[in-house]
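Participant: A predicted structure for the sequence below; I have some questions about it.
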Amino acid sequence: PSCLQPPSRAVPQGAPLASRLRPRAARLVAMVEGMGVVDVRAQGASPPPRATYCITICVLLVLLISFFLGFLLQVAVAILTIPLLFCRSGKHRFHHIQSRIWRGVNSIFAVGLNPCWCCEVWNLGDSPGPQLKNGKGSVFFINHRSNADPWFSAWAFTRSGWEGKWVYKGALKKIPFFGWSCMLAGDLSVERGDKTKIVAMIDKAKEVLNAGYNVVVFPEGTRSPSGIMQEFKPSFFNVCAELGCGAIPMIMVGTERAWPLSGLRMGCARVRIGVGDTIYPSGPEGAKELMSAVEERMLDMAHELLEASDGNVPSAEADDPYLTGRPYSYWQPPANLADLSEEEQLRLLRSGNAHQRGAHLL
């Protein structure tokens, strides 16, 4: 069952961010490797995700039903609320209603009623979630490990009563019902490689934020096959700094087992989602500083989630890349990386240039 509660062991909020992150990481790595308890990479403490066709068929059927029902409900409500499109600022209200329907129906079916996927949502801060400041919305920044990330993040929003516009790959608009629903919801499609359309998408995102609505971004730009957090793209941090709107870090661990990147097959998974306090830019030139603060806070929250149950890291998660800074123990480097040193592999993985973007979507 899902839960919404604070962690049993919270990190002192008054301490500097870097000092809160580094000692915890050092202690955990020392516990599992340096003290001779177990060499997690040598003994494979974290087994590969177990995905089966049986689970895949069940989940896909649920997703297809949710796509169809969600779209029908969106169309019915759109007919009733279409006059909003002719009112001042009514367009944003129209998309807001559509977004709540689309995200709510899909997340409830895909996660809330799915016996294969267990999801917990944790509040990791004094007042996590969006804070309306000067009438502007906030930007949620979420890590990206799996094809299932949009559904789990949508479930966190549904449980918490939030709404946002997701930035998604433009090619997904071609998927029947799914793509149509995203357009009705006012989500922001990005056409990779087309600078004109990217600029237009960012301008639309600014309009959404200025109207007081939220935007949801995967700042890594692509899924991480190794589990290592990749370098963030600066675009939406620049938007936050320019508009003065807040950045909300959100971290998800365990989604790679729900829908591994190795193909279409899905598996059972326990996913934990942490939501942090809003971080504001220091000024119009504070984008880089904001990006570093959000990344460190996301890693910090990952450590809290991975040891949240009793203060000890479960053996199956002891070698999580967010703890060790290295890939999953079961990860195998592609042929183009096999001859490189570990340091060079890590550099490429961190940069996001070690794999083909968008591969293994289906």
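Facilitator: Nice, I can see it.

Participant: can you list the low-confidence ranges for the chain?
Facilitator: 1-45, 308-316, 354-362 (pLDDT under 70).

Participant: in it, which spans are helices?
Facilitator: Along the chain, counting by DSSP state H, helices occupy 17-29, 40-43, 53-81, 90-107, 149-160, 178-184, 195-210, 235-243, 255-258, 287-306, 321-324, 342-351.

Participant: reformat the ones you listed as TSV; add distance to residue 334 and mean neighbour count.
Facilitator: All C-beta atoms are positioned from the backbone trio N, CA, C, and that covers glycine. Shown next, in TSV, are these (distance: least, C-beta to C-beta, whole Å; neighbours: other C-beta atoms under 10 Å):
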stretch	distance to residue 334	mean neighbour count
helix 17-29	26	15
helix 40-43	18	15
helix 53-81	24	15
helix 90-107	32	21
helix 149-160	22	23
helix 178-184	29	19
helix 195-210	28	15
helix 235-243	27	21
helix 255-258	17	27
helix 287-306	25	21
helix 321-324	17	22
helix 342-351	10	15
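
Participant: tell me the centre residue of this protein?
Facilitator: residue 142 (3.3 Å; C-alpha atoms, centre = their mean).

Participant: contacts only, for the nearest residue to that residue once chain neighbours are set aside.
Facilitator: Counting by C-beta to C-beta, 6 or more residues apart in numbering, residue 142 lies nearest to residue 250, which is 4.6 Å off, once chain neighbours are set aside. For residue 250, the contact set (C-beta atoms under 8 Å, 6 or more residues apart in numbering) comprises 140, 141, 142, 143, 153, 156, 273, 274, 275, 276, 298.

Participant: still on that earlier bit, for the residue nearest to the centre of the chain, give me its contacts.
Facilitator: Shown in contact with residue 142 (C-beta under 8 Å, 6+ apart): 149, 153, 216, 217, 218, 219, 250, 251, 252.

Participant: quick check: the last one touching residue 143?
Facilitator: Yes: using C-beta atoms under 8 Å, residue 252 makes contact with residue 143 at a distance of 6.1 Å.

Participant: any shared contact partners between those two?
Facilitator: What both residue 252 and residue 143 touch, as defined by C-beta under 8 Å, 6+ apart, is the set residue 149.

Participant: ok so, going back, relative to residue 153, how far out is the residue nearest to the centre of the chain?
Facilitator: The gap separating residue 142 from residue 153 is 5 Å, by C-beta to C-beta, to the nearest Å.

Participant: what's the overlap in contacts for the two?
Facilitator: Between them, residue 142 and residue 153 share the contacting residues 216, 250, 252, judged by C-beta under 8 Å, 6+ apart.

Participant: of these, which is the nearest to residue 337?
Facilitator: Closest approach between these and residue 337, by C-beta to C-beta: residue 252, at 25.5 Å.

Participant: grab the nearest non-local neighbour of that closest one.
Facilitator: Closest residue in space to residue 252, ignoring its immediate chain neighbours: residue 273 at 5.0 Å, by C-beta to C-beta, 6+ apart.

Participant: who are the neighbours in contact with that neighbour?
Facilitator: Taking C-beta under 8 Å, 6+ apart, we find residue 273 in contact with 119, 120, 121, 122, 152, 153, 155, 156, 250, 251, 252, 305.

Participant: my guess is the third one contacts residue 156. True?
Facilitator: I take that to be residue 121. Yes: contact criterion C-beta under 8 Å: residue 121 and residue 156 qualify, at 4.9 Å.
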